[in-house]
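>>> Got a predicted model here, sequence first, then my questions.
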Amino acid sequence: MQLSQAHLRTLQTCPRQYQYRYLDSLMLPEATLTETPSQKQGRNFHRLMQQHLQGLDVHPILEAQPELKPWFEAFQTTPPPMIQGQGKAEHHRSLGWGEFTLVAVYDYVIFGQEQAQILDWKTYARPPAPKTLSHHWQTRLYCYLLAATSAYSPKQISMTYWFAQGEKGANFYTFSYNDTTHQAVHQALEQCLNQLSQWLQAYGQGQDLPQVPAAQIPKYCHPCAFAERCRRSQPSGVSSIDPFLAVLKDLSVPR
């Protein structure tokens, strides 16, 4: 069973939602699956950056999609700090863990002589706080996987988020990785996957995965697309999928 950062995030937020989405393969309401213009623009920008970093001509894309020009120009004029080395766009990594396989698809990774840098492009208007990002499963899993599947030590790895709509001078966050954080992530993964394994055994015997505690219903259940199914609130038509993730990429490609 493959587990991406999106799976881990959903599992952490609500095990029952994880069950509905990934075990029962229930479809979200149509409204939550409709790609918004901003989501489409973000997806197209990722493709633009992939081609640009592979040395391909992106002028035809910019001519056909002029709405991407401001973001691309922002990258060219105020790019994030990037180390020297060999870069790989849409880079895949995986790691077996018992019955599970941890997977990630990186927007861009630079492999330097003594350092490795992970870069991720974000196109939403309001970047999360650095503390929020540092604890997000994308940051933790991406750094962990690279350290666990390469010759780089944790302290040689960093991860940079670049925000296409960020203010000049504050359009990126860089997080350093280290041995202490690596061990903490390992323990968090171990606890999470051991718990998931137990839940899956119970699920195989007909038991549902747990719901969020009653005290957290307003925060997690009221905006959830599965609220009616869980009998936690009236359907709102709004998905609780983490806005930090690109929704369609989350639903179609493990990242």
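Sure, I can see it.
>>> Give me the neighbour count for the residue lying closest to Pro154 once chain neighbours are set aside.
Counting by Cβ to Cβ, 6 or more residues apart in numbering, His182 is the residue found nearest to Pro154 once chain neighbours are left out, at 3.9 Å. Heads up, the C-betas are built off the backbone N, CA and C, glycines and all. Neighbours of His182 under the rule other Cβ atoms under 10 Å: 19.
>>> try Cys192
Using other Cβ under 10 Å, Cys192 has 16 other residues around it.
>>> cool, Phe226 as well?
Phe226 has 22 neighbours, counted by other Cβ under 10 Å.
>>> cool, Ser4 as well?
Count around Ser4 with other Cβ under 10 Å applied: 23.
>>> Could you do the one 10 residues further on as well?
Neighbours of Cys14 under the rule other Cβ under 10 Å: 22.
>>> Please report the distance of it from Pro127.
24 Å (Cβ to Cβ, to the nearest Å).
>>> related to what we said a few turns ago, past the helix or strand where the residue nearest to Pro154 lies, which element shows up next along the chain?
In this structure, His182 is located in helix 179-204 according to DSSP states H and E. Following helix 179-204 in sequence order, the next helix or strand is helix 227-230 (DSSP H and E).
>>> roughly how far is that next one from the heart of the chain?
Centroid separation for helix 227-230 versus its chain: 25 Å, with Cα atoms, centre = their mean, to the nearest Å.
>>> that's a strand at Gln138, yeah?
No. Assigned with DSSP: H, G, I helix; E, B strand; the rest coil, Gln138 falls outside any strand and is helix.
>>> Return the distance of Leu62 relative to Gln165.
17 Å.
>>> just the strands in this protein please.
2-3, 86-97, 100-111, 116-122, 157-163, 172-176 (DSSP state E).
>>> how many degrees apart are the third one and strand 86-97 in direction?
This points to strand 100-111. 160 degrees (axes from the mean of the first three to the mean of the last three Cα atoms, to 10 degrees).
>>> Taking strand 157-163 as reference, get the angle to strand 100-111.
For strand 100-111 against strand 157-163, the angle by the same axes, to 10 degrees is 80 degrees.
>>> So what sits opposite Lys122 in the bridge?
Phe163 (DSSP bridges).
>>> I figured it hits Asn171, correct?
No. In this structure Lys122 lies outside contact range of Asn171 using Cβ atoms under 8 Å: 9.6 Å.
>>> Neighbour count: those two, which is higher?
Higher neighbour count among Lys122 and Asn171: Lys122, with 23 against 19, using other Cβ under 10 Å.
>>> ok, so what distance separates that one from Tyr161?
Lys122 is 6 Å from Tyr161, by Cβ to Cβ.
>>> Ala147 too?
For Ala147, the distance to Tyr161 - Cβ to Cβ - is 18 Å.
>>> Which among the strands of the chain is found nearest to Pro37?
Closest approach to Pro37 among the strands of the chain is made by strand 116-122 (16.8 Å; Cβ to Cβ).
>>> Check which helices and strands the closest one sits against.
Applying 3 or more Cβ pairs under 8 Å, 6 or more residues apart in numbering; DSSP states H and E, we find strand 116-122 packed against helix 37-53, strand 100-111, helix 137-148, strand 157-163.
>>> Out of those, which gets the lowest mean score?
The weakest mean pLDDT among those belongs to helix 37-53, with a mean of 93.
>>> Go through that helix and flag the buried ones.
Neighbour-count burial for helix 37-53, counted by 16 or more other Cβ atoms under 10 Å, picks out 39, 41-46, 48-50, 52-53.
>>> what stretches of the stretch 101-250 of the chain score poorly on pLDDT?
In the predicted model of the stretch 101-250 of the chain, residues 168-169, 233-250 satisfy pLDDT under 70.
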